[in-house]
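>>> this one's sequence-less:
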């Protein structure tokens with residue numbers, strides 16, 4: 001369990017985020033029974049001077065890894081200074097050796113203070129600075145994007161926001177889309193754990209067409225930023241621009257809640273997802289995912305061997321009946337290096 005004062009330290013630290021909070025770090029344990037390790041250092045007066053949550057996963061193919069943090073974009077150590085950071089990293093390496101972990105990954109949105117491990121630079125977050133009013137936002141988006149948003153008006157979409165009462169509808173959309181993408185889905189209990197850990201920071205938004213949920217977003221607010229770590233829209237309604245409507249509505253929601261930034265989440269530069277987020281005016285923020293030891297093989301590469309084998313697996317999964325994908329996915333998703 002975390003030491004006393006953990007959440008207060010996270011809340012006060014400039015780089016602290018919602019998934020650093022103790023209950024959030026325990027999401028993997030609550031959902032999948034994964035061990036969680038809370039590392040910390042203390043100042044001379046006994047108060048906390050640094051924290052590092054690590055989640056232990058047994059990834060495909062039976063590769064033990066420590067990650068800060070899985071299932072989200074941001075994590076890594078929080079420390080007062082380089083000496084505290086060095087102490088946390090040294091303790092983390094000792095723990096990895098003790099747990100016989102083949103790999104440890106630290107996920108950060110900054111490379112300072114420096115950690116002397118190689119960094120993967122193939123992921124970015126897409127972040128949009130927000131104006132004070134929705135009218136100014138609409139002006140910035142331009143006429144072409146506004147026209148795409150209005151395309152859904154003839155279908156009279158209805159947006160509902162809430163929390164637990166919308167989880168079933170959000171999850172139904174999310175499951176279908178993940179199957180179509182060829183990706184094993186998280187179990188519903190994962191999102192229930194996120195809600196339980198971050199309820200005051202979480203909001204769900206679901207778009208309905210004729211009372212049927214067709215698009216949804218899981219939103220997390222921290223300070224002046226609203227992040228959208230999970231979102232999905234049924235492929236069959238893509239031609240109706242419902243996805244554009246969803247994002248327009250949640251951007252307005254972010255402004256109404258006093259947010260100054262909207263975080264579209266991570267993606268790969270040059271991908272379709274990257275281009276979708278960039279069209280809203282979002283800018284890339286480099287993510288630094290650093291791995292120990294330097295020569296550790298990426299578990300996903302070890303499991304899949306090469307890109308062609310990965311593509312075959314994705315194609316096969318996307319053709320599964322939805323009930324089968326929903327039944328199998330929750331057993332596989334905790335063992336993938338998200």
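Done, it's in. What you see is a predicted model, and the numbers here were worked out from it, not measured in a lab.
>>> where does the chain dip in pLDDT?
294-310, 338 (pLDDT under 70).
>>> run the last query once more with 50
Within the chain, the stretches with pLDDT under 50 are 299-306.
>>> who are the contact partners of the most centrally placed residue in it?
Most central in the chain under CA atoms, centre = their mean is residue 72, positioned 3.1 Å from the mean C-alpha point. With contact taken as CB atoms under 8 Å, 6 or more residues apart in numbering, residue 72 is in contact with 19, 107, 229. For glycine as for every other residue, the C-beta is placed from the backbone atoms N, C-alpha and C.
>>> recalculate using a threshold of 10 Å.
17-20, 24, 27, 107, 194, 220, 227, 229-230, 265-266, 338 (CB atoms under 10 Å, 6 or more residues apart in numbering).
>>> now, of these, which are buried?
17-20, 24, 27, 107, 194, 220, 227, 229-230, 265-266 (16 or more other CB atoms under 10 Å).
>>> could those residues be laid out in a markdown table, adding distance to residue 50 and secondary structure?
Shown next, in a markdown table, are the buried ones among the contacts of residue 72 (distance: CB to CB, whole Å; DSSP: H, G, I helix; E, B strand; the rest coil):
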| residue | distance to residue 50 | secondary structure |
| --- | --- | --- |
| 17 | 15 | coil |
| 18 | 19 | helix |
| 19 | 17 | helix |
| 20 | 12 | helix |
| 24 | 18 | helix |
| 27 | 22 | helix |
| 107 | 17 | strand |
| 194 | 25 | helix |
| 220 | 24 | strand |
| 227 | 24 | strand |
| 229 | 25 | strand |
| 230 | 29 | strand |
| 265 | 27 | strand |
| 266 | 25 | strand |
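>>> check those residues and tell me the two furthest apart.
Farthest-apart pair in those is 20 and 230; separation 18.4 Å (CB to CB).
>>> okay, and residue 115 sits in which element?
According to DSSP states H and E, residue 115 maps onto no helix or strand at all.
>>> my read is that it contacts residue 105, right?
No - with contact defined as CB atoms under 10 Å, residue 115 does not reach residue 105; the gap is 11.2 Å.
>>> tell me which of those two has more neighbours.
Between residue 115 and residue 105, residue 105 has the larger neighbour count (other CB atoms under 10 Å), namely 24 against 20.
>>> partners of that one in the sheet?
Counting by DSSP bridges, residue 105 forms beta bridges with residue 67, residue 291.
>>> helices and strands around the lengthiest helix in the chain, which ones?
With secondary structure taken from DSSP state H, the chain has its longest helix at helix 82-98. On a contact count with 3 or more CB pairs under 10 Å, 6 or more residues apart in numbering; DSSP states H and E, helix 82-98 meets strand 36-42, strand 48-59, strand 63-68, strand 78-79, strand 103-108, strand 288-292.
>>> wait, which of the ones you listed is closest to residue 314?
strand 48-59 (17.6 Å).
>>> what's the angle from the closest one to strand 103-108?
Using axes from the mean of the first three to the mean of the last three CA atoms, to 10 degrees, the inter-axis angle of strand 48-59 relative to strand 103-108 is 130 degrees.
>>> so in that sheet, which strands flank strand 48-59, and in what orientation?
Strand pairing for strand 48-59, using DSSP bridges, gives strand 36-42 (antiparallel), strand 63-68 (antiparallel), strand 78-79 (antiparallel).
>>> for residue 326, which of the ones you listed is the nearest?
Here strand 63-68 is closest among the strands paired with strand 48-59 (CB to CB), at 25.1 Å.
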